[in-house]
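>>> Quick one: sequence and predicted model below, then my questions.
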Amino acid sequence: MAVEVTADRDRRLRSGRRRLARWTFLPAWLLLGAVTVAHALGVSTAVPVRYGVLLVTLLCFGLPHGAADHHSVARTLGVDLTPRFLAAFCAGYLGLAVLYTAVWFLAPALAFVAFVALTWFHWGQGDVYPLATLADGRHLDNRVVAALTVVVRGGLPMLVPLVFFPDRYAAVARTVVSLFDPGRVASLAPLFTQEARLAAGLGFAAITIVTLAAGLAVAGPRRAWLLDAAETALLWGFFAVVPPVLAIGVYFALWHSVRHIARLTELDGVALAALDRGAVVRVIGRFVRDALPATVGAVVLFGGLALAVPTTVAGISEVGGLYLVLLAVLTLPHVVVVTWLDVRQGIWG
């Protein structure tokens, strides 16, 4: 009987991964490709619209994608969500968030650089999992190639906008740091010099080429490697022509978050069974149910941050900057959870 149950679970996982791959990859390619082409042809969006798209992710895909972390840990461990488990989980999760919040108040420029570095790693690891599982990327079985892929995939949204939109990138950094201490903004100036950007751009382009070449050498021109190379080219183009705030908002919701939600679906046996029957609405409903309480809590925390920062949050850019701070403090414990999942699920061998 145990063998039959395991075989059924494996069949559902394979079937679920095929469906998840279809709904995860193609819509993101089409939407990011359309936005890329539109901006390459000269379409321009007003600054409030760019921040508006970013703020939509407060409730749609972006913030909620990490709001079911407690469920993902419990399901991976095979335990129930008891009050004791929730209390221990929340204590650790919020403890890390509070510590990072303190860094923002004490050293906001350092906190901003840490946020970029942390997000670089997280968005990189966030792409490795679906490439290795949904796309069956055998080249990522090699640890060196997988580590390089984390560097490249995370660097695309974090570094490419700095190379092509230094003024707008600097404006965002200035807005975020100024929420806590306008006097600390000047310490970030060396990051935006022409020499620094040129070195970063050329170095990152070289790492991208080396990474794809290493993957090709390991596994050959398989479908998964071709998909990896095509996505890398798409993201290079996307972040090179789309203004940073808009680009991050679109990417965060439709690329990174959707891929993580697909990963959570794999961990949910009930959702997998529903997916096997084609009951997509039920799958979405379970995720919304799982993520809603913590999403509401994060929105409340957002309001608390607005009251706590020394500077008055007045315009749309300040609201957007404060939202990035909220994402930063919640990213740290989220990364701990996802890294733990990577280890438990054997992503690194």
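On my side now, so go ahead.

>>> from here on, contacts and neighbour counts on C-alpha atoms
Noted.

>>> which of the residues in the helix or strand hosting Ala147 are buried?
With elements delineated by DSSP states H and E, Ala147 resides in helix 143-164, which encompasses its position. When burial is assessed from 16 or more other Cα atoms under 10 Å, helix 143-164 yields the following buried residues: 145-164.

>>> same deal with stretch 306-326?
The neighbour-count check on stretch 306-326 (16+ other Cα under 10 Å) flags 306, 309, 313, 316-326 as buried.

>>> mind listing the helices for the stretch 101-250 of the chain?
108-132, 143-164, 166-178, 194-219, 223-241, 244-251 (DSSP state H, counting those that start in this stretch).

>>> I'd like the mean pLDDT over stretch 229-237, please.
Averaged across stretch 229-237, pLDDT comes to 98.

>>> ok, residues contacting it?
By Cα atoms under 8 Å, 6 or more residues apart in numbering, the residues outside stretch 229-237 that reach it are 29, 32-33, 36, 153, 156-157, 160, 212.

>>> Likewise for stretch 50-68?
Identification of contacts with stretch 50-68 by Cα under 8 Å, 6+ apart yields 245-246, 248-250, 252-254, 257-258, 260-261, 287, 290-295, 299, 316-317, 320, 323, 327, 334.

>>> Can you turn the buried part of these into a PyMOL selection?
Selection of the buried residues among those in PyMOL, burial being defined by 16+ other Cα under 10 Å:
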select buried, resi 245+246+248+249+250+252+253+254+257+258+260+261+287+290+291+292+294+295+299+316+317+320+323+327+334
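
>>> re the thing from before, max pairwise distance over the contacts of stretch 229-237: which two?
Taking every pair in these and measuring Cα to Cα, the maximum separation is 22.1 Å, between Thr36 and Leu212.

>>> and the angle from the helix holding Ala147 to helix 244-251?
In terms of direction (axes from the mean of the first three to the mean of the last three Cα atoms, to 10 degrees), helix 143-164 departs from helix 244-251 by 140 degrees.

>>> what's the angle between helix 143-164 and helix 223-241?
20 degrees.

>>> can you tell which of the helices of the stretch 101-250 of the chain is closest to Gln345?
Distances from Gln345 to each of the helices of the stretch 101-250 of the chain were compared using Cα to Cα; the minimum, 9.6 Å, belongs to helix 108-132.

>>> for that closest one, packing partners?
helix 83-106, helix 143-164, helix 166-178, helix 258-267, helix 316-344 (3 or more Cα pairs under 8 Å, 6 or more residues apart in numbering; DSSP states H and E).

>>> about what we covered before: would you format the helices of the stretch 101-250 of the chain as CSV with distance to Leu54 included?
Converted to CSV, those look like this (distance: least, Cα to Cα, whole Å):
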stretch, distance to Leu54
helix 108-132, 16
helix 143-164, 14
helix 166-178, 13
helix 194-219, 25
helix 223-241, 15
helix 244-251, 4
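
>>> so which of these comes closest to Trp348?
helix 143-164 (6.5 Å).

>>> now what about that closest one, what contacts it?
Applying Cα under 8 Å, 6+ apart, the contact partners of helix 143-164 are 116, 119-125, 127-128, 139-140, 169, 192, 197-198, 200-201, 204, 207-208, 211, 214-215, 232, 235-236, 239-241, 243-244, 248, 348-349.

>>> Can you list the low-confidence ranges for the stretch 151-300 of the chain?
Residue ranges of the stretch 151-300 of the chain with pLDDT under 70: none are present.

>>> Same question for the stretch 1-150 of the chain.
Low-confidence segments of the stretch 1-150 of the chain, defined by pLDDT under 70, span residues 1-7, 9.

>>> For Phe25, state which of the buried residues of stretch 306-326 is nearest.
Distance from Phe25 was checked for each of those by Cα to Cα. The minimum falls on Leu324, at 25.6 Å.

>>> for the closest one, what are its contacts?
The neighbours of Leu324, taking Cα under 8 Å, 6+ apart as the test, are Val176.

>>> so how far is Val177 from it?
Note on Leu324: its distance to Val177, by Cα to Cα, to the nearest Å, is 11 Å.

>>> And Ala21, by the same measure?
The gap separating Ala21 from Val177 is 38 Å, by Cα to Cα.

>>> more neighbours, those two?
Taking Ala21 and Val177 together and counting by other Cα atoms under 10 Å, Val177 has the greater number of neighbours (26 against 17).

>>> The more buried one touches Pro108, doesn't it?
Yes: counting by Cα atoms under 8 Å, Pro108 is a contact partner of Val177 at 5.4 Å.

>>> Give me the common contacts of those two.
Counting by Cα under 8 Å, 6+ apart, the residues touching both Val177 and Pro108 are Arg184.

>>> Can you tell me how far Pro243 is from Ala97?
Pro243 is 29 Å from Ala97, where distance means Cα to Cα.

>>> can you check Val185 too?
When Val185 is compared with Ala97 (using Cα to Cα), they lie 23 Å apart.

>>> No further queries at this time; thank you.
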